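Visitor: model the following, please.
(one chain, ligands or ions: 1)
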Amino acid sequence: MELIRFTDRIFYLPHEEKTDRPLLAYIKGEKFSLAIDAGNSADHVDKFYKALEAENLKKPEVTIITHWHWDHTFGMHNINGLSIAHKKTNEFLKAEQDKFKDTSYLDILKRDNKYIAREYSNNKDIIVTLSDIEFDKELVINLGDISAEIFHTQAPHSEDTVLIYIPEEKVLFLGDSTSENFFNNNYMDINKLKSLIETIGKIECKTCILGHAEPLDKNDLLDYLESLL
Ligand SMILES: [Zn+2]
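Guide: The predicted model follows:
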């Protein structure tokens, strides 16, 4: 699978349904570059970096995590440079690390989650790491000619939801924030969804990019989300 050039400065490796790999994005700055999400395994990161190399793009110096779920974080130990996550993301990852101290946990995960079983069918170890840098509310990174506005927000999918807005390209990265809560019987909290719809509405983005979908027009995404209320 090849890297998609979405704009001159935004690229992404598409999501893969078979192993639940989310889309991994790359924002190319003049000074340095930023990746969004660390993928579901070391192999996923390697594939992303190979795809970047094929386009003569250097490895990202910084990787920002949208939320703690395995498919977005289990590749974090294998990234180039520094990782950034919300402090709640690190709290969830710390809890996950503790669970892995029980050697039966991996077997349980593989039994209950066919995507984890497929991704780790090579019997490679799962390594959970916390981020190098953590933040609480928001963070702006100037990559040189392009910037990333990173902020924590309320969303139905997870407590640690982080959105990334690239104002120069009017692109908003949403991770899985618009989906229901997988860890609460797929419960869709309507109030949190309303809050997220309001947040997206206020941002002057044209395109919304989710973790497991093709990029969407902002209005199409909002129409869809409003139909869930
Ligand atoms: Zn998720």
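
Visitor: list the residues that contact Ala35.
Guide: 24-27, 48, 60, 62-64, 79 (C-beta atoms under 8 Å, 6 or more residues apart in numbering). Any C-beta I mention is one placed from the backbone N, CA and C, and that applies to glycine too.

Visitor: quick check, nearest of the residues you listed to the ion?
Guide: Nearest to the ion among the contacts of Ala35 is Leu24, at 13.9 Å by C-beta to the ion.

Visitor: quick one: least confident helix or strand in this protein?
Guide: helix 104-112 (a mean of 92; mean pLDDT, DSSP states H and E).

Visitor: and the very next helix or strand once past that helix, anywhere near the ion?
Guide: The first helix or strand that comes after helix 104-112 along the chain, using DSSP states H and E, is helix 114-119. No: on the criterion C-beta under 5 Å from the ion, helix 114-119 is out of touch with the ion, staying 11.5 Å away.

Visitor: what pairs with the helix or strand just after helix 114-119, parallel or antiparallel?
Guide: Downstream of helix 114-119, the first helix or strand assigned by DSSP H and E is strand 133-135. Strand pairing for strand 133-135, determined by DSSP bridges: strand 82-86 (parallel).

Visitor: need the contact partners of the strand it pairs with.
Guide: By C-beta under 8 Å, 6+ apart, strand 82-86 touches 38, 61-65, 67-68, 73, 76, 93, 129-136, 139, 150, 152, 160, 162.

Visitor: which of these count as buried?
Guide: 38, 61-65, 67-68, 73, 76, 93, 129-131, 134-135, 139, 150, 152, 160, 162 (16 or more other C-beta atoms under 10 Å).

Visitor: in strands only, show me those residues.
Guide: 62-64, 134-135, 139, 150, 152, 162 (DSSP state E).
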